[in-house]
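J.: give me a model of this one.
(chains A and B)
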2 protein chains.
Amino acid sequence: MSETVGLIGLGLMGRPMARNLIRAGYSLVVNNRSRGAVDDLLAEYPDVVAATTPAEVAKHARTVITMLPDSTDVERVAIGENGLIQEMQPGDLLIDMSTIAPATSREIFESLRFVGASSLDAPVSGGDKGAIAGTLSIMVGGREADFERARPLFEALGTTITHCGDAGAGQVVKACNQVVVGIAYQAVSEALVLGSKAGVDPRKIIEVLDGGLASTAVLRLRGESMINGDFEPGGRAELHLKDLGIVLETGKSLNVPLPVSSVVKQKYAELQALNRGHLDHSALLTLVEDQANHKIGRMT
Amino acid sequence: MSETVGLIGLGLMGRPMARNLIRAGYSLVVNNRSRGAVDDLLAEYPDVVAATTPAEVAKHARTVITMLPDSTDVERVAIGENGLIQEMQPGDLLIDMSTIAPATSREIFESLRFVGASSLDAPVSGGDKGAIAGTLSIMVGGREADFERARPLFEALGTTITHCGDAGAGQVVKACNQVVVGIAYQAVSEALVLGSKAGVDPRKIIEVLDGGLASTAVLRLRGESMINGDFEPGGRAELHLKDLGIVLETGKSLNVPLPVSSVVKQKYAELQALNRGHLDHSALLTLVEDQANHKIGRMT
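T.: Here you go, the predicted model:
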């Protein structure tokens, strides 16, 4: 009989992850706050078991994956009322793949120890495209033995799987990732608008910058779509705003001033306020374009 | 007989460029504000001709290269008293490889047209190491025909040679380059200090970030030296400060607000004020480390 795995959270990321786990041979017990996504999955895979609460998921599965929007959601599902902890047994493992505060990941890890269970924080990058293709990059914090136990599951979901350190370390590295990606989008936005308004073809700018110390994956992978004004996500700006909230909260708790992360978080808040939060995080470009009254795609 | 080329400016960049031009078979006429660097070069290469003024260089050479610190220096040498323009003839070419304001490059181009001469702006990236190895990246603005004429000279000095557009376009692309490189150093500095103070090995952070959308050349090429607190330049912070001055000036004249470039320029000004301007531009890390009271190399 195939191994049963719990999965809580059937959103944009959770749904394709469910499919990849089923394809890899796992039996799923699922739970989701709204019932619609569960029914859709059951229509596609009748063998999937629907549980009414997180606790009920934990009753059926020795390993449970969570993929939820925010820290408070994971806290509620893991250690709240009708949470996993109510039914978790010694040796059980929670793998939380949400992007949440490192401090919350550590707190959940400590709480589960009281019932002899353990947890891994395993946030991902790669977006829904990576979730669909099973090519996520997975950053894992927690015990080495738990990491090794979870490895086959991770391999069904992603391609780059790294054990970053103790509980919370996966979230910390994800936070670092979001700092660099967010700031890099602002950097290339300022450069492309400046250069284009000064009369240089933005594709020429991308070509030259990619050959040297200014080379960044965001410019290489997103430069062309930015020029074309194509902000289909990818990674949604509103999620990047949430992630930079975690970054600044973590910086504050550790006394690490993060001046530019802070400015870029404000830029994502501006995007959100302008109802552009659903766009790709590269849409920071549109703020620079608006303020400069110049669209970089105009000249081509 | 080999072609005679003028070279004005025998600083950290100009000296190794002189050697590469001589090795490529050019005869040099040189001029430098202080005489020491000229004497050193003559001791090494007795065939080099020393001229007392820029005008005298222009008398001897149909093509003159300038490699000078700032816009005012190039202006003085090109169109000031005893400047090149005094002796330039129709068909002569100035190749200015300094990093200066695009507006100044355009102004010099227009001035030289009055005497039938022409100019290319051709700033470089790659630092003194690139100048020594002859592997500079050269960003060129100006007429296509002048670019083709100068190509053999560029090939003696660099490996990536790009015609970016009309007069000033080379400077514009260099400005874009410095925006992205400077901001990227601040981004990786904030990420590394945050992650390291949160207890994660900075080398693990570099490894994970390099695998995805957060991948940047500055982290890949400078991450290890930043961890080791090694800020041997490379590109000097004080020059990056000057370059970001050009960036903001250009942004101002074009009405392009550059909020993060502006913050990062202030960070370079802080470095300068702390007498760290001579360090590599990756030394932005030290400001974040100081403020967080945490050295990222400490844990390794």
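
J.: confirm A:Asp230 sits in a helix?
T.: No - counting by DSSP: H, G, I helix; E, B strand; the rest coil, A:Asp230 is located in no helix; its state is coil.

J.: in chain A, where's the longest strand?
T.: Longest strand in chain A, counting residues (DSSP state E): strand A:158-165.

J.: gap between that strand and the chain center?
T.: Distance, stretch centre to chain centre, for strand A:158-165: 14 Å (CA atoms, centre = their mean, to the nearest Å).

J.: now it: buried residues?
T.: A:Gly158, A:Thr160, A:Ile161, A:Thr162, A:His163, A:Cys164, A:Gly165 (16 or more other CB atoms under 10 Å in any protein chain shown). (Glycine included, C-beta is placed from N, CA and C.)

J.: correct me, but the second one touches A:Ile138?
T.: Yes - the pair formed by A:Thr160 and A:Ile138 meets the contact definition of CB atoms under 8 Å, at 7.0 Å.

J.: returning to what we had before: of the buried residues of strand A:158-165, list those near chain B.
T.: A:Thr160, A:Thr162, A:Cys164, A:Gly165 (CB under 8 Å from any CB of the partner chain).

J.: return the set of residues that bridge with the last one.
T.: What that stands for is A:Gly165. A:Gly165 has these beta-bridge partners by DSSP bridges: A:Gly141.

J.: if I read this right, it contacts B:Gly199, doesn't it?
T.: Yes - with contact defined as CB under 8 Å, A:Gly165 reaches B:Gly199; the gap is 6.6 Å.

J.: can you list residues touching both of those two?
T.: A:Val172 (CB atoms under 8 Å, 6 or more residues apart in numbering or on different chains).

J.: hmm, back to that, could you dump the ones next to chain B among the buried residues of strand A:158-165 to TSV with pLDDT?
T.: Listed next are those as TSV, based on pLDDT from 0 to 100:
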residue	pLDDT
A:Thr160	95
A:Thr162	98
A:Cys164	98
A:Gly165	98
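
J.: re the thing from before, is whatever helix or strand comes next after the longest strand of chain A in proximity to chain B?
T.: Under the assignment DSSP states H and E, the closest C-terminal helix or strand after strand A:158-165 is helix A:169-197. Yes - counting by CB under 8 Å from any CB, contacts between helix A:169-197 and chain B involve A:169, A:172-173, A:175-177, A:179-181, A:183-184, A:186-188, A:190-195, A:197.

J.: nearest to B:Thr63, of the ones next to chain B among the buried residues of strand A:158-165?
T.: A:Thr160 (50.4 Å; CB to CB).

J.: any idea what that closest one is bridged to?
T.: For A:Thr160, the beta-bridge partners under DSSP bridges are A:Ser137.

J.: gap between it and B:Asp201?
T.: 17 Å (CB to CB, to the nearest Å).

J.: do A:Ile100 as well
T.: In this view, A:Ile100 and B:Asp201 are 21 Å apart by CB to CB.

J.: quick one: the longest strand of chain A to helix B:169-197, angle?
T.: 50 degrees (axes from the mean of the first three to the mean of the last three CA atoms, to 10 degrees).

J.: by contact count, what packs against strand A:158-165?
T.: Judged by 3 or more CB pairs under 8 Å, 6 or more residues apart in numbering or on different chains; DSSP states H and E, strand A:158-165 is in contact with strand A:136-141, helix A:144-157, helix A:169-197, helix B:202-210.

J.: hmm, back to that, save the buried residues of strand A:158-165 as JSON lines, and put in distance to A:Val256 too.
T.: Shown next, in JSON lines, are those (distance: CB to CB, whole Å):
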{"residue": "A:Gly158", "distance to A:Val256": "28"}
{"residue": "A:Thr160", "distance to A:Val256": "26"}
{"residue": "A:Ile161", "distance to A:Val256": "27"}
{"residue": "A:Thr162", "distance to A:Val256": "22"}
{"residue": "A:His163", "distance to A:Val256": "23"}
{"residue": "A:Cys164", "distance to A:Val256": "18"}
{"residue": "A:Gly165", "distance to A:Val256": "17"}
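
J.: and the two most separated of those?
T.: Among the buried residues of strand A:158-165, A:Gly158 and A:Gly165 lie farthest apart (CB to CB), at 18.1 Å.

J.: where does A:Ala131 sit: helix, strand or coil?
T.: Applying three-state DSSP: A:Ala131 is helix.

J.: how far away is it from chain B?
T.: Counting by CB to the nearest CB, to the nearest Å, the separation of A:Ala131 from chain B is 14 Å.

J.: for burial, what's the neighbour tally of that residue?
T.: 25 (other CB atoms under 10 Å in any protein chain shown).

J.: correct me if wrong: it contacts A:Met17.
T.: Yes - contact status for A:Ala131 versus A:Met17: in contact at 5.5 Å, counting by CB under 8 Å.

J.: tell me, what's touching these two both at once?
T.: Common contacts of A:Ala131 and A:Met17 (CB under 8 Å, 6+ apart): A:Leu157.

J.: so what's the backbone phi/psi at A:Val57?
T.: Main-chain dihedrals, A:Val57, degrees, to the nearest 10: phi -60, psi -50.

J.: surely it is in contact with A:Asn32?
T.: No - with contact defined as CB under 8 Å, A:Val57 and A:Asn32 do not form a contacting pair (10.4 Å).

J.: between the two, what contacts are shared?
T.: Common neighbours of A:Val57 and A:Asn32 (CB under 8 Å, 6+ apart) are A:Ile8.

J.: quick one: which of those two has more around it?
T.: More neighbours surround A:Val57 than the other of A:Val57 and A:Asn32, with 29 against 21 (other CB under 10 Å).

J.: ok, the more buried one - contacts?
T.: A:Gly6, A:Leu7, A:Ile8, A:Val29, A:Val30, A:Asn31, A:Ala51, A:Val64, A:Leu84.

J.: try 10 Å
T.: When contacts are counted by CB atoms under 10 Å, 6 or more residues apart in numbering or on different chains, A:Val57 is found next to A:4-8, A:28-31, A:49-51, A:64-66, A:77, A:83-84, A:87-88.

J.: also A:Glu207?
T.: Neighbour list for A:Glu207: A:Asp201, A:Gly223, B:Thr160, B:Thr162, B:Cys164, B:Val173 [criterion: CB under 10 Å, 6+ apart].

J.: poorly predicted segments of the stretch 1-150 of chain A, please.
T.: A:1 (pLDDT under 70).

J.: all helices of it, in order?
T.: A:14-23, A:36-44, A:54-60, A:71-79, A:102-113, A:127-133, A:144-157 (DSSP state H, counting those that start in this stretch).

J.: can you list the domains in chain A?
T.: A:4-167, A:172-292 (automatic domain parsing).

J.: which of those sits most buried?
T.: Ranked by mean neighbour count under mean count of other CB atoms under 10 Å in any protein chain shown, the domains of chain A are led by domain A:172-292, which reaches a mean of 22.

J.: state the mean pLDDT of it.
T.: Across domain A:172-292, pLDDT averages out at 97.

J.: distance between that domain and the chain's centre?
T.: Going by CA atoms, centre = their mean, where domain A:172-292 is centred and where its chain is centred differ by 16 Å.

J.: got it, and stretch A:20-38?
T.: With CA atoms, centre = their mean, you get 18 Å for stretch A:20-38.

J.: now do that stretch: distance from first to last residue.
T.: Stretch A:20-38 stretches 16 Å from its first residue to its last (CA to CA, to the nearest Å).

J.: one more: stretch A:274-282?
T.: 15 Å.

J.: is it anywhere near chain B?
T.: Yes - with CB under 10 Å from any CB of the partner chain as the criterion, chain B is reached by stretch A:274-282 at A:His281, A:Ser282.

J.: next: stretch A:69-89.
T.: No - legend: contact between stretch A:69-89 and chain B by CB under 10 Å from any CB is lacking; minimum distance shown is 15.5 Å.

J.: dump that stretch to CSV, restricted to CA.
T.: Provided in CSV are the C-alpha atoms of stretch A:69-89 (Å, rounded to 0.1, in the frame of the first residue of the first chain):
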residue,chain,number,x,y,z
PRO,A,69,-0.9,32.1,2.9
ASP,A,70,0.5,33.4,6.1
SER,A,71,2.0,32.9,9.6
THR,A,72,-1.4,33.0,11.4
ASP,A,73,-2.9,30.4,9.0
VAL,A,74,-0.1,28.0,9.7
GLU,A,75,-0.2,28.6,13.5
ARG,A,76,-4.0,28.0,13.5
VAL,A,77,-3.7,24.8,11.4
ALA,A,78,-0.7,23.4,13.3
ILE,A,79,-1.3,24.3,17.0
GLY,A,80,-4.8,26.0,17.1
GLU,A,81,-8.2,24.6,17.8
ASN,A,82,-8.8,21.4,15.9
GLY,A,83,-5.2,21.8,14.8
LEU,A,84,-2.7,19.0,13.8
ILE,A,85,-1.2,18.9,17.3
GLN,A,86,-4.5,17.5,18.7
GLU,A,87,-3.9,14.2,16.8
MET,A,88,-0.2,14.1,16.1
GLN,A,89,1.6,11.1,17.5
